[in-house]
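S.K.: Fold the following for me, if possible:
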Amino acid sequence: MGGPAYQTRIRFPIALASPSCLVFKQPRVVLSENLGEKVTSIGFKKVPRRSILQLMVFAPIFATANTILAAPMQEMNEPDVVRTLKLPSGVRIQGKGREASEGDLVEINYVCRRSNGYFVHSTVDKFSGESAPVILSLDDKQIIKGLKEVLIGMKAGGKRRALIPPSVGYISENLAPVPEEFGPRRSLLSHAKEPLIFEVQLLKVL
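M.R.: Predicted coordinates for the structure are as follows:
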């Protein structure tokens, strides 16, 4: 007679756990009393419930962090640098542009403010946006010297902001630009002895 037939079974625990948390033991052969057969089983160390719960809590966090770190970095542009040019007369200019020369006729829009930012006059209506540009000659006898220095070297479409000291400002009431209306004219000339800020846009060189 041949010996009894043996069947080998592998028993796996019905438990949800991460493979990294399980430690395998060497397989061992056990005898089943009821079936009278040898069964090979694989044993596992018991994983603490706390470890499994911690893994379930932190796994989504780690996955999200990995996704964020793996995303491409957003390209950042360097901010524009605003340069200030100080002329020998004390006029300070911000902006770019070249072309207008001394003696040229130019068409401009401007906003005039006090050095504390208080509005004085503008060729652009702040409510409707409509403009009434002025034509000026880049000549010391017709325009305030500080503004002439600002406009010389600008090109059409260029914009500049300048702080003009009173020494190169309205030293005479006959110098342009001066509003034609009595109220704005009086307001402008009342601040003639203090520094004024001009924001100008050169529209055309005539």
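
S.K.: Once you drop chain neighbours, what's closest to residue 159?
M.R.: residue 201 (4.9 Å; Cβ to Cβ, 6 or more residues apart in numbering). (Each C-beta comes from the backbone N, C-alpha and C, glycine too.)

S.K.: Dihedrals phi and psi, that neighbour?
M.R.: Note on residue 201: its backbone torsions stand at phi -130, psi 120 [degrees, to the nearest 10].

S.K.: what about the helices in the protein?
M.R.: For the chain, the helices defined by DSSP state H cover 49-70, 145-151, 182-189.

S.K.: Comparing the ones you listed, which yields the minimum mean pLDDT?
M.R.: Ranked by mean pLDDT, the helices of the chain end with helix 49-70 at the bottom, a mean of 57.

S.K.: I'd assumed residue 100 was in contact with residue 202.
M.R.: Yes - the criterion here is Cβ atoms under 8 Å, and residue 202 meets it with residue 100 at 6.4 Å.

S.K.: Identify the contacts common to these two.
M.R.: Common contacts of residue 202 and residue 100 (Cβ atoms under 8 Å, 6 or more residues apart in numbering): 106, 151, 154, 155.

S.K.: Could you export those as a markdown table, including neighbour count and distance to residue 85?
M.R.: Shown next, in a markdown table, are the shared contacts of residue 202 and residue 100 (neighbours: other Cβ atoms under 10 Å; distance: Cβ to Cβ, whole Å):
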| residue | neighbour count | distance to residue 85 |
| --- | --- | --- |
| 106 | 25 | 19 |
| 151 | 26 | 13 |
| 154 | 23 | 12 |
| 155 | 12 | 15 |
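
S.K.: Looking at the residues you listed, which are in strands?
M.R.: Among the shared contacts of residue 202 and residue 100, the members falling in strands (DSSP state E) are residue 106.

S.K.: Just send the shared contacts of residue 202 and residue 100 back as JSON lines, with distance to residue 114 too.
M.R.: Formatted as JSON lines, the shared contacts of residue 202 and residue 100 follow (distance: Cβ to Cβ, whole Å):
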{"residue": "106", "distance to residue 114": "24"}
{"residue": "151", "distance to residue 114": "21"}
{"residue": "154", "distance to residue 114": "23"}
{"residue": "155", "distance to residue 114": "28"}
